[in-house]
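# below are the sequence and a predicted model for it; my questions follow.
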Amino acid sequence: MSIIVEKPGLLTTIQDTGRTGYGKDGVSITGAMDRPAHMIANWLVGNTGQEPTLEITLSGFAVEFTADCWIAVTGGQLTPVVNGQLLPMWRPVYVRKGSRLSFKKVESGCRAYLAVAGGWQVPSVMGSASTYLRAGIGGQNGRALREGDILSTSSGQLMPPKLSIEPDRMISLHTVSWQVSSLLLPSQTGKPVIRIIPGREWGDFSTASQQSLLEENYRVTPQSDRMGYRLSGSVLELKSARDYLSEAVAHGTIQVPADGQPIILMADRQTLGGYAKIAQVISLDLPVMAQLAPGDYVRFEMVSIGEAQQWYGTWVRELRVLRRMIEQKLKDLHS
């Protein structure tokens with residue numbers, strides 16, 4: 001089975017959970033910006049969670065399916081539509097050959113994930129199919145999708161649904177009565193409060209700057225991308241000017257360059273950074289950051305490492321339960 005890209009949208013790339021073990025060589029992990037949405041999309045179509053998905057940024061993306069298949073769309077609400085019919089998100093959907101899927105407008109969030117049963121069939125580079133745009137590797141020849149691209153899929157485990165009407169009279173899509181509850185998902189609306197822990201150089205910043213980071217709104221600027229979110233707000237200043245040695249940085253590290261405007265490092269971040277690190281976004285809130293678009297505002301709240309670890313542990317356990325529930329529901333489709 002394959003799809004034909006009719007419109008590539010603003011930015012659509014192939015992503016999985018990223019390539020690890022090459023940081024010493026200067027190769028970024030990359031991978032899906034919203035990891036839980038990526039994994040859940042895969043689980044909903046019977047995949048393991050490691051298979052590649054399409055990461056669709058904002059609107060304008062459209063494809064045609066060349067065969068019947070199971071798909072799932074998760075992440076931000078970008079209004080997916082199949083042949084004029086609204087496609088239900090966060091659940092498995094069976095679409096028919098010749099169907100056209102498009103994303104109309106942004107209701108909330110910034111990135112959606114499209115999974116297909118079996119996963120997208122692309123070469124693995126350094127153990128990952130993720131597109132690393134700056135290095136030109138992975139995904140579809142190391143680049144974003146273009147009009148006319150044809151993507152093939154591997155064989156999926158899900159069988160066609162039991163249908164009560166003849167194939168030639170079939171509507172464009174067939175779905176199930178259940179979906180992943182929004183109560184299990186990070187909030188993507190309003191002005192989210194992103195939880196942080198102190199960075200290595202937190203104490204090097206003035207008290208006024210520390211207060212500004214925790215008490216004021218910061219806006220996501222148009223210069224933000226998969227490498228980093230550049231924020232605009234009150235200037236963050238060091239107690240005294242100094243230089244820092246470049247050292248390892250992580251997904252969610254908040255660096256402050258000379259202009260005093262914070263940068264949150266994201267999936268395509270560099271492996272080393274020489275700016276002062278004022279804070280670190282906790283892992284649980286990285287998916288929330290990933291769904292912010294230019295112009296959105298964000299606030300920060302300081303928490304302890306212990307709290308962050310406890311919340312993350314609870315979230316991981318909830319995801320494991322969710323996966324088992326989805327697996328049982330998929331078995332019930334054919335019982």
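Cool, got the structure.

# wait, a helix at residue 231?
No. Using DSSP: H, G, I helix; E, B strand; the rest coil, the assignment for residue 231 is strand, not a helix.

# does residue 68 really touch residue 98, like I thought?
No. If you go by CB atoms under 8 Å, residue 68 and residue 98 don't touch, sitting 9.4 Å apart. In this view, the C-beta of every residue, glycine as well, is placed from N, C-alpha and C.

# neighbour count winner among those two?
Using other CB atoms under 10 Å as the criterion, residue 68 and residue 98 rank with residue 68 on top: 17 against 12.

# if I look at the more buried one, how far off is residue 255?
48 Å (CB to CB, to the nearest Å).

# and if you look at residue 100?
Per CB to CB, residue 100 is found 42 Å from residue 255.

# can you name every helix or strand that the longest helix along the chain contacts?
Secondary structure of the chain per DSSP state H: the longest helix is helix 305-332. Helix 305-332 is packed against helix 35-44, strand 193-198, with contacts defined by 3 or more CB pairs under 8 Å, 6 or more residues apart in numbering; DSSP states H and E.

# relative to the shortest one, what are the paired strands and their orientations?
This means strand 193-198. Using DSSP bridges, the strands paired with strand 193-198 are strand 276-281 (antiparallel), strand 297-302 (parallel).

# can I get the ones you listed in CSV including mean pLDDT and mean neighbour count?
Output for these, formatted as CSV (pLDDT from 0 to 100; neighbours: other CB atoms under 10 Å):
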stretch, mean pLDDT, mean neighbour count
strand 276-281, 98, 24
strand 297-302, 96, 17
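
# as CSV, those strands with distance to residue 313 would be great.
Shown next, in CSV, are the strands paired with strand 193-198 (distance: least, CB to CB, whole Å):
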stretch, distance to residue 313
strand 276-281, 17
strand 297-302, 19
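
# tell me the secondary structure of residue 250, please.
coil.

# number of residues surrounding residue 258?
Count around residue 258 with other CB under 10 Å applied: 9.

# for it, what are phi and psi?
phi -60, psi -30 (degrees, to the nearest 10).

# now do residue 177 against residue 323, distance only.
Relative to residue 323, residue 177 is positioned 19 Å away (CB to CB).

# how about residue 159?
Taking CB to CB, one finds residue 159 at 20 Å from residue 323.

# out of these two, which sits in the busier spot?
residue 323 (16 against 12).

# contacting residues around that one?
Taking CB atoms under 8 Å, 6 or more residues apart in numbering, we find residue 323 in contact with 43, 49.

# pLDDT value on it, please?
At residue 323, the predicted lDDT confidence score is 95.

# show me the contacts for residue 152.
1, 2, 120, 121.

# what's the domain layout of the chain?
Using automatic domain parsing, the domains assigned to the chain come out as 2-185, 193-303.

# the longest one: how far from the chain's middle?
When distances are taken as CA atoms, centre = their mean, to the nearest Å, domain 2-185 is centred 11 Å away from the chain's centroid.

# CA atoms of stretch 128-143 as PDB?
Taking Å, rounded to 0.1, in the frame of the first residue of the first chain, the C-alpha atoms of stretch 128-143 are listed here in PDB:
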ATOM      1  CA  SER A 128      16.300   5.500  12.900                       C
ATOM      2  CA  ALA A 129      14.000   6.600  10.100                       C
ATOM      3  CA  SER A 130      13.600  10.100  11.600                       C
ATOM      4  CA  THR A 131      14.200  13.000   9.300                       C
ATOM      5  CA  TYR A 132      17.100  15.200  10.400                       C
ATOM      6  CA  LEU A 133      16.700  18.200   8.200                       C
ATOM      7  CA  ARG A 134      19.900  20.000   9.100                       C
ATOM      8  CA  ALA A 135      22.000  17.000   8.300                       C
ATOM      9  CA  GLY A 136      19.900  15.800   5.300                       C
ATOM     10  CA  ILE A 137      19.500  12.300   6.500                       C
ATOM     11  CA  GLY A 138      16.600   9.900   7.300                       C
ATOM     12  CA  GLY A 139      13.000  10.000   6.200                       C
ATOM     13  CA  GLN A 140      12.300  10.900   2.600                       C
ATOM     14  CA  ASN A 141      15.800  11.500   1.400                       C
ATOM     15  CA  GLY A 142      16.600  13.600   4.400                       C
ATOM     16  CA  ARG A 143      14.000  16.300   3.500                       C
END
